[in-house]
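Enquirer: only geometry, no sequence info:
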């Protein structure tokens, strides 16, 4: 057989949109767990305060908000002390904000892996979000302590908390995939995202109740999935309002759209990751 007779195989990147191989994600679940554990170890390695960092951010924010909005501005806290009113919202919001930030950085931190070995790239932002569940759990323990101190008794709504946690994670993963896929090529997306998250803090009912929003605009306001999450936490743990099923349902629909579209956009941009990282 001559050299001209040898078969020639040309490997080219796929064009257009690519489907999501969920079976492949399941096959690489061990890598997902390993990267999640590695993110946790990196966060707390050689840290003097250790897991205390998980509560410093929401606690300090609670103290500032209590002084400014609770004492000075006299914002309505719906019959409960403003400190626990704001902290109950800060726990899920801090998870969401930090998860999105970590997801954006996940590809840049692991750029060496992108060009050396194949694995589903979706694992990187997903592992960044999963790692933040430890911080969320620690902050929830402190929230339970505040509830005991303020003598606040939860209601049957605590059964809905797993759904709220799922909605919170789905929102973070969806937005994280969108921004991660853009940030690896356009580095200023990372700085813009930090600024946007600071603005969104006041576009969610963290420092004020949803009742302050005019009724005709509340469903539009609830297009932000974190509105249903925060109001759901307050309903379940503080009993300030009825469980906001309409907000939760609308937020779940929006979060699913963001997550699915984000996953497809991530896959569409995936062929560029190794070249631009």
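Expert: Thanks, I have the structure now. Quick caveat, the model's predicted, so the values are computed rather than measured.

Enquirer: residue ranges for the strands of the stretch 1-150 of the chain, please.
Expert: In the stretch 1-150 of the chain, no strands are found when defined by DSSP state E, counting those that start in this stretch.

Enquirer: just the helices in it please.
Expert: Ranges of helices within the stretch 1-150 of the chain are 22-27, 29-44, 53-65, 82-109, 111-114, 123-131, 133-149, based on DSSP state H, counting those that start in this stretch.

Enquirer: what do you get for the stretch 151-277 of the chain?
Expert: 161-183, 188-203, 218-221, 225-237, 245-269, 273-276.

Enquirer: per-stretch mean pLDDT over those helices, give me the minimum one.
Expert: Lowest mean pLDDT of these: helix 273-276, a mean of 63.

Enquirer: Give me the residue at the spatial middle of this structure.
Expert: Nearest to the geometric centre of the chain sits residue 172, at 2.7 Å (C-alpha atoms, centre = their mean).

Enquirer: Which residue comes closest to that residue once chain neighbours are left out?
Expert: Nearest non-adjacent residue to residue 172, counting by C-beta to C-beta, 6 or more residues apart in numbering: residue 99, 3.9 Å away. Yep, even glycine has a C-beta here, placed from its N, CA and C like the rest.

Enquirer: List the contacts of the one you found.
Expert: The contact partners of residue 99, taken as C-beta atoms under 8 Å, 6 or more residues apart in numbering, are 128-129, 132, 169, 172-173, 176.

Enquirer: Could you check how far the residue nearest to the centre of the chain is from residue 83?
Expert: 25 Å (C-beta to C-beta, to the nearest Å).

Enquirer: Equivalent analysis for residue 129, please.
Expert: Here residue 129 is placed at a distance of 28 Å from residue 83 (C-beta to C-beta).

Enquirer: These two: which is more packed in?
Expert: More crowded of residue 129 and residue 83, by other C-beta atoms under 10 Å: residue 129, with 27 against 19.

Enquirer: my guess is the residue nearest to the centre of the chain contacts residue 128, does it?
Expert: No. Counting by C-beta atoms under 8 Å, residue 172 does not reach residue 128; the two are 9.1 Å apart.

Enquirer: Need the residues touching each of the two.
Expert: Taking C-beta under 8 Å, 6+ apart as the contact criterion, the common neighbours of residue 172 and residue 128 are 99, 103.

Enquirer: quick one: buried residues of stretch 152-170?
Expert: Neighbour-count burial for stretch 152-170, counted by 16 or more other C-beta atoms under 10 Å, picks out 152, 157, 160-161, 164-165, 167-170.
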